[in-house]
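Q: what's the 3D shape of this:
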Amino acid sequence: MEEREVLELAVDTIKALAIAGALLGLWLATRGNRDGAWRYILVGLTLVLFGTLVHTLADARHLVGSTVIVLLEVGFGYLGGIAFTAFGIAALYEERRRQPDAERLKLLAEAVDGWRDGFALWDTEGRLVVCNDAYRRLLPAGAGDVGPGIEFSTLVRQMVASGDIRVDGPAADWILNRGQGSVQLQLKDGRTLLASDRKTREGGIICMLADISERRENEIRLQRAKEQAEMANRAKVEFLANMSHELRTPLNAVIGFSEMSLLELHGPLGASYKGYLENIRKAGVHLLEIISDILDVSRIETDVLDMKQERIDIRAVIGSALRLVQQRAARNRTRLLDNVSGNLPQVYGDPMRVRQILLNLLSNAVKFTPEGGEVSVDAGLDADGGLAITVRDTGVGMDSEDIPKAMEPFNQLESVLERRHEGTGLGLYLARQLAQAHDGTLVLESRKGKGTTATVRFPRERLRPRPDENGTIMGEAS
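A: You can find the predicted model right below:
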């Protein structure tokens, strides 16, 4: 085979490959995205046609095989056509590869477009991939035109330059450490935005943007209302403290003079006058107790209750409380049972307040136990090593759903018309609050018509060992 024939065969082969490649690319382009790849393939097909035209003209003029013709026909025409066709086919496959991602992003955009809050997806390079209309709407005007491809750093610079946001403190930390939490952004127009970031598995960032201006205003109003309520509470405590002093002074005089008169220090009194004076004394003592209870409630609610801290002989305190209610129990013909042993640890707290807890529980038990009933006191260590003191009565009791009501201040389960017992409804509430002030608890168990059991518990940390007969303390409780 001559050299000319070999050259013509090579040219024909390249021509055939170029035409086949161009036609294949054109066919693929009609089945794919026609916005980009088909241009490469069309240029490739044009170059192949150009090579064919050069060959035809050269053949007519008997110029086939010359160097210029070969360069134009093969180098520029066929090989150029093959190159552009290859670019087009590669672009087609790249578009095909990206098509599922584009479809997913389109579905994502449609899904989040109706959300009230803003949504934005940023890629690993900090470029915006997709966002909804709410995201664009919530951003300040200085953010400019926000769309796919914009960099987060550019967006921040535009908002800072316009003065819409200030990048300091938490906002600066959020920008530097994106994907690790949320921040409140205060805008120049008065709005407050909550921006929350979360990293994706691929390393991108999902940002949620919400307008919390109204919620923020409500929080500020609530804070102001709380401060005003605290000021009102403090004013109430001061008022009650002043009124308590003003009321206690004449009441103490009334009680003192009535007791002095009952002792007949300045001469004998008639029986009827002694009865009147006794009633005056009792009414004065009762009113003084009510004033003291109301003042204690106010102090507890405003955290200004004074508490001493010292070792308490709990056995002696229980005995003192029992003696204080003994007279009333005798009038009601109620038996008082003291089941407390003397070998109990000491309690670290305020002796007066602990006695008040026990006195309130015992007074309630005696008050609501009918004639012939029984009130008992037990004390001992519980399973956790704390001290449990139990006051148990055989009184009227209550339903289980009424127990929370009985523990609230100024709450009495009897109605005004059927009330048979005096009191303000503060006894149990004060007992519970004072127990909590000693890190303890007060628990009620009751059945209507069967009686009530009140148990106050002091934790192990509040207990101290009793001294021995010589007054020596062997060691602290562990």
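
Q: Only C-alpha atoms from now on, for both contacts and neighbour counts.
A: OK.

Q: Who are the packing partners of the single longest helix found in the chain?
A: As far as residue count goes, and with DSSP state H defining each element, the longest helix of the chain is helix 213-262. The contact analysis (3 or more C-alpha pairs under 8 Å, 6 or more residues apart in numbering; DSSP states H and E) places helix 213-262 against strand 192-199, helix 271-301.

Q: tilt between it and helix 271-301?
A: Orientation note: helix 213-262 sits at an angle of 160 degrees relative to helix 271-301 (axes from the mean of the first three to the mean of the last three C-alpha atoms, to 10 degrees).

Q: Tell me what angle helix 213-262 forms with strand 192-199.
A: 110 degrees.

Q: ok so, going back, what's the closest of the helices and strands packed on helix 213-262 to S446?
A: S446 lies closest, by C-alpha to C-alpha, to one member of the helices and strands packed on helix 213-262: helix 271-301, at 24.5 Å.

Q: Need the helices and strands packed on helix 213-262 in JSON lines (columns: distance to I212 and mean pLDDT).
A: Output for those, formatted as JSON lines (distance: least, C-alpha to C-alpha, whole Å; pLDDT from 0 to 100):
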{"stretch": "strand 192-199", "distance to I212": "6", "mean pLDDT": "88"}
{"stretch": "helix 271-301", "distance to I212": "33", "mean pLDDT": "75"}
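
Q: For the closest residue to R116 other than its chain neighbours, list the residues it contacts.
A: The shortest distance from R116 to any residue other than its chain neighbours is 6.3 Å, reached at A134 (C-alpha to C-alpha, 6 or more residues apart in numbering). A134 makes contacts with D113, W115, R116, D117, G118, F119, as judged by C-alpha atoms under 8 Å, 6 or more residues apart in numbering.

Q: can you tell me the helix or strand for A134?
A: When secondary structure is defined by DSSP states H and E, A134 falls within helix 133-138.

Q: Now that helix: buried residues?
A: Neighbour-count burial for helix 133-138, with 16 or more other C-alpha atoms under 10 Å as criterion, is recorded at D133, A134, Y135, R136, L138.

Q: was I right about the last one contacting L209?
A: Yep, that's L138 we're talking about. Yes. L138 sits in contact with L209 when judged by C-alpha atoms under 8 Å, with a separation of 7.5 Å.

Q: Which neighbours do the two have in common?
A: Shared contacts of L138 and L209, counting by C-alpha under 8 Å, 6+ apart, come down to G118.

Q: before we move on, the earlier item: in CSV, list the buried residues of helix 133-138 along with pLDDT and distance to G126.
A: Formatted as CSV, the buried residues of helix 133-138 follow (pLDDT from 0 to 100; distance: C-alpha to C-alpha, whole Å):
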residue, pLDDT, distance to G126
D133, 86, 19
A134, 87, 20
Y135, 86, 16
R136, 86, 17
L138, 88, 20
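
Q: count of neighbours near D145?
A: Neighbour count of D145, defined by other C-alpha atoms under 10 Å: 10.

Q: Just the C-alphas of the helix holding A134, formatted as PDB.
A: Listed in PDB are the C-alpha atoms of helix 133-138, where the atom choice follows Å, rounded to 0.1, in the frame of the first residue of the first chain:
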ATOM      1  CA  ASP A 133     -38.200  33.700  51.000                       C
ATOM      2  CA  ALA A 134     -38.600  34.100  54.800                       C
ATOM      3  CA  TYR A 135     -34.800  34.100  55.200                       C
ATOM      4  CA  ARG A 136     -34.400  36.900  52.700                       C
ATOM      5  CA  ARG A 137     -37.300  38.800  54.200                       C
ATOM      6  CA  LEU A 138     -36.000  38.600  57.700                       C
END
